[in-house]
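>>> Kindly generate the corresponding structure for this input.
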Amino acid sequence: DLVLNQGSTPWRGVYTFLPNGKSYGVHRNVFYEIRNDGITTAYGTISTTEGRVDICDDGFRIIVADGSEIYTYDTQTPATPIAAVSDVDRPTSPNTCIVQSGRVLTDESDSNQFKGSGAYAPTTWGALDYATAETSPDNIIRVVNYRGTATMMGSKTIEYWQNTGGAGFPYAVIASATQEQGLAARWSLGGFMGSYAFLAKNREGQVFVAMLDGYSVKRISNFELDFIINGYTQNSTATGFGYMLGGHAMYQINFPFVMKSWLYDGASKYWSELRYGTDARHRAEIAFELNGVTCVTDYENGKIYRLGENYYTDDGDEIITVLRGKHISKNKKNIRIASLEIGIEPATTTDQTAKPVAGLRVSKDGGHSFGTQTFAKLGKVGEYFTRCIWRRLGIARDFVPEVSISEPIKRVITDAVLRVDEGTS
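Have a look, this model is predicted:
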């Protein structure tokens, strides 16, 4: 569901400022406030025009890092435009930023150092207010505020730094908590289940999807997905975000170079491939909250969409749900498939004349090829007892069903029943 369209280039970063409930973002070089009705108001410019930006806040001011400068915007004087920090000791190449105990902390590009501002003074920086990630000589890819620690996610390790409350720059590493995995892609990090999910990389150079679990790195991808994504190229460009959908915590990761997207359901533990159309990555790139609703930016243009379980198209384009079953066989003998029936909620649509259907394709060679699609009724609005069933599906030693739904309706499949007769050969 479209909220707004800012033009032909994508948003670089969008952020929800909780104290006033407003959202702010950067499009090209302009800093905008985004209203709930989709109206944008410009409040100044930054020096760069492309590439992702990171945004955080200290409860009063919004801070933006764009890889070359750090900027501040005071929400208490909204008419005053965003401005670059001019302190001579400011970070010179900050890609990411967080605020902890009132201090802004940033990384420095191609460095294992992080720097900090004065407490509740994001425009004041000291020459000695920095620290160096010590466990491994890997560069810091991203700084994260996690479990009250300043977490330094490097290319090979993850370190947790604690504010000791001491004089000077009061941060000390929790050496015993250091993890020997790193962050493979800076913008793959997304809030997930009260923690963060991200694309991780181990010492052997293999990537996998993980989440922070306490001070540990917990794998959430399965070995099948790991095999697939390790075959991708330029995984360092991966992007990701988390959101809630129908009470389920979801994490989406995109691989722009190969145009692939994957979605993880934290409740069911299932992974699904997401596509736009027939064979392209999903359009969503950055997630944020607008008026209590999850919204996402488009990776290719300046559109922002509402994301929810009650939107049945991608901005008017059909969404095709494909459910492919597991291999069905028995003792390597021929089996006769008498019928396949799926239980699904009746149609939810404003079109009372709609006659929605589901399509079925069947593979009899282990999933290598599929036959012609046949259709079964799903039931119109209010038709609660319609049976979605396919009969006499043939004989095979290895049978793989694939059900697809492209109708603009809610898709809630409750069960599936396959009736099989075993053969003798």
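>>> Mind checking what helix or strand follows whichever helix or strand W161 is part of in sequence?
W161 is part of strand 158-163 when elements are defined by DSSP states H and E. For strand 158-163, the following helix or strand on the C-terminal side (DSSP H and E) is strand 171-173.
>>> Pull out the buried positions in that next one.
Under the neighbour-count criterion of 16 or more other CB atoms under 10 Å, strand 171-173 has Y171, V173 buried. No exception for glycine: its C-beta is placed from N, CA and C like everyone else's.
>>> Which strands border it, and is each parallel or antiparallel?
Strand 171-173 has its sheet partners listed here by DSSP bridges as strand 158-163 (antiparallel).
>>> Let me know the average pLDDT across the strand it pairs with.
Summarised as a single mean, pLDDT over strand 158-163 is 96.
>>> Over to stretch 368-385?
If you average the pLDDT over stretch 368-385, you get 86.
>>> start to end distance for it?
Across its full length, stretch 368-385 reaches 35 Å end to end, with CA to CA, to the nearest Å as the criterion.
>>> How far away from the center of its chain is the strand holding W161?
24 Å (CA atoms, centre = their mean, to the nearest Å).
>>> what do you get for stretch 202-220?
The chain centroid and the centroid of stretch 202-220 are separated by 16 Å under CA atoms, centre = their mean.
>>> circling back to that earlier point, mind listing residues that contact the strand holding W161?
100-101, 131, 133-135, 146-152, 170-174, 177-179, 181-183, 212, 215, 217 (CB atoms under 8 Å, 6 or more residues apart in numbering).
>>> can you tell me which of these are in helices?
Where the contacts of strand 158-163 are compared with helices, as defined by DSSP state H, there is no overlap at all.
>>> Could you list everything the residue sitting nearest the centre point of the chain pairs with in the sheet?
The chain has F241 as the residue nearest its centroid, 2.4 Å off, counting by CA atoms, centre = their mean. On DSSP bridges, the residues paired with F241 through beta bridges are Q252.
>>> ok, now which ones touch it?
The contact partners of F241, taken as CB under 8 Å, 6+ apart, are G190, G191, Y251, Q252, A284, E285, I286, A287, V296.
>>> Buried members of those into ChimeraX, please.
To isolate the buried ones among these in ChimeraX, judged by 16+ other CB under 10 Å, type:
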select :190,251,252,284,285,286,287,296
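>>> In strands only, show me the contacts of F241.
Within those, residues falling in strands by DSSP state E are G190, G191, Y251, Q252, A284, E285, I286, A287, V296.
>>> From the contacts of strand 158-163, list just the buried residues.
For the contacts of strand 158-163, a neighbour count by 16+ other CB under 10 Å gives the buried set as 100, 131, 133, 135, 146, 149-152, 170-171, 173, 177-179, 181-183, 212, 215, 217.
>>> can you list the weak-confidence ranges in this structure?
Segments of the chain classed as low confidence (criterion: pLDDT under 70) are 346-354, 423-425.
>>> show me where it has helices.
Assigned helices in the chain, in chain order: 223-229 (criterion: DSSP H).
>>> got the contacts of F241 as TSV, with distance to G21 columns?
What follows is those, written out as TSV (distance: CB to CB, whole Å):
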residue	distance to G21
G190	21
G191	18
Y251	25
Q252	24
A284	22
E285	23
I286	18
A287	17
V296	18
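>>> With respect to L340, which of the contacts of F241 is nearest?
L340 has its nearest neighbour among the contacts of F241 in Q252, at 30.0 Å by CB to CB.
>>> can you tell me which residues contact the closest one?
Contacts here follow CB under 8 Å, 6+ apart; on that basis Q252 touches 190, 240-243, 261-264, 274, 282, 284, 287.
>>> And for S369?
S369 makes contact with S363, according to CB under 8 Å, 6+ apart.
>>> ok, now with 10 Å
If you count contacts by CB atoms under 10 Å, 6 or more residues apart in numbering, S369 has them with R361, S363.
>>> how close does it sit to W390?
Per CB to CB, to the nearest Å, S369 is found 18 Å from W390.
>>> Which residues does Y171 form beta bridges with?
Using DSSP bridges, the beta-bridge partners of Y171 come out as N163.
>>> Provide a list of residues in contact with the residue nearest to E159 when sequence neighbours are not counted.
In space, and not counting its chain neighbours, E159 is closest to M152: 4.5 Å by CB to CB, 6 or more residues apart in numbering. Neighbouring residues of M152 by CB under 10 Å, 6+ apart: 105, 107, 112-114, 131-135, 138-144, 158-161, 171, 173, 178, 183.
>>> And M152, how far from D1?
In this structure, M152 lies at 38 Å from D1, with CB to CB as the measure.
>>> Then D213?
34 Å.
>>> higher neighbour count, those two?
When neighbours are counted by other CB atoms under 10 Å, D213 and D1 differ, and D1 comes out ahead with 15 against 12.
>>> what sits against that one?
Listed by CB under 10 Å, 6+ apart, the contact set of D1 reads 293, 295, 305-308, 310-316.
>>> which residues touch the closest residue in space to V357 that isn't next to it in sequence?
Setting aside the residues directly before and after it, V357 is nearest to F375 in space (CB to CB, 6+ apart), at 4.3 Å. Under the criterion of CB under 10 Å, 6+ apart, the contact partners of F375 comprise P356, V357, A358, G359, L360, C388, W390, S404.
>>> biggest separation within these, which pair?
Distance extremes for those: the farthest pair is P356 and W390 at 15.4 Å, using CB to CB.
>>> So if I had to pick from those two, which one is more boxed in?
Applying other CB under 10 Å to P356 and W390 shows that P356 carries more neighbours, namely 24 against 19.
>>> State the distance from that one to K410.
In this view, P356 and K410 are 10 Å apart by CB to CB.
>>> try V381
Relative to K410, and taking CB to CB, V381 is found at 11 Å.
>>> same deal with T123?
50 Å.
>>> and those two? which has more neighbours close in?
It is T123, of T123 and K410, that has more neighbours when counted by other CB under 10 Å, with 18 against 14.
>>> who touches that one in this structure?
Counting by CB under 10 Å, 6+ apart, T123 makes contact with 61, 63, 70-72, 83-87, 90, 104, 117.
>>> and which of these is nearest to A416?
Once CB to CB is applied, the member of the contacts of T123 that ends up nearest A416 is I63, at 50.3 Å.
>>> and S86, how far is that from N310?
Here the distance between S86 and N310 works out to 48 Å (CB to CB).
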